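A.B. asks: predicted coordinates and the sequence they were generated for:
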Amino acid sequence: MNRAAAITVIMSVCTILLRSGPFLLFSKDREIPRYLLFLGEKLPRAIIGMLVIYCLRSVSFAAKPWGIPETVSLAAVVLLQIFRRNSLLSILGGTVICMFLVQAVF
């Protein structure tokens, strides 16, 4: 087995164990701890916020195009999410708008 195949197998096994771990640890008989319920409620929003900050970290509002493509795309994502409640549509729409603005307009 070559190195790339071995790495792929190890990563696959780790992913399967991490994904199935909560189901194995918390069966129907056992109650889920309150702190895990809290994390499950709060972490998705925090992670999305961190991803937005990470994506916008290198945008320069002082130089052309002054962050316009990113700002318009971010507004489109927020509006699509508010009105359509479809994450895939929001992400795809924001990406298409940003790429169009960067490639064709600015």
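C.D. replies: That came through, no problem.
A.B. asks: all contacts plus neighbour counts: C-alpha atoms, from now on.
C.D. replies: Noted.
A.B. asks: per the annotation, how does the chain divide into domains?
C.D. replies: 1-31, 45-105 (automatic domain parsing).
A.B. asks: how about those, which one is nearest residue 38?
C.D. replies: domain 45-105 (12.0 Å; CA to CA).
A.B. asks: so how far is that closest one off the chain centroid?
C.D. replies: Relative to the centre of its chain, domain 45-105 is centred 12 Å away, using CA atoms, centre = their mean, to the nearest Å.
A.B. asks: helix/strand/coil for residue 88?
C.D. replies: helix (DSSP: H, G, I helix; E, B strand; the rest coil).
A.B. asks: gap between it and residue 67?
C.D. replies: 24 Å (CA to CA, to the nearest Å).
A.B. asks: so those two - more neighbours on which side?
C.D. replies: residue 67 (15 against 11; other CA atoms under 10 Å).
A.B. asks: my guess is the more buried one contacts residue 60, does it?
C.D. replies: Yes. Using CA atoms under 8 Å, residue 67 is in contact with residue 60, at 6.0 Å.
A.B. asks: between these two, what contacts are shared?
C.D. replies: In terms of CA atoms under 8 Å, 6 or more residues apart in numbering, residue 67 and residue 60 are not both contacted by any residue.
A.B. asks: so, low pLDDT: which residues of the chain?
C.D. replies: Within the chain, no stretch has pLDDT under 70.
A.B. asks: any idea which residue is closest to the centre of it?
C.D. replies: residue 48 (5.8 Å; CA atoms, centre = their mean).
A.B. asks: on that earlier part again, including distance to residue 39, could the domains of the chain go into a markdown table?
C.D. replies: Shown next, in a markdown table, are the domains of the chain (distance: least, CA to CA, whole Å):
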| stretch | distance to residue 39 |
| --- | --- |
| domain 1-31 | 13 |
| domain 45-105 | 10 |
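A.B. asks: of those, flag the one that's most buried.
C.D. replies: Across those, the average number of neighbours (mean count of other CA atoms under 10 Å) peaks for domain 45-105, which reaches a mean of 14.
A.B. asks: and the end-to-end length of that domain?
C.D. replies: For domain 45-105, the first-to-last residue distance is 32 Å (CA to CA).
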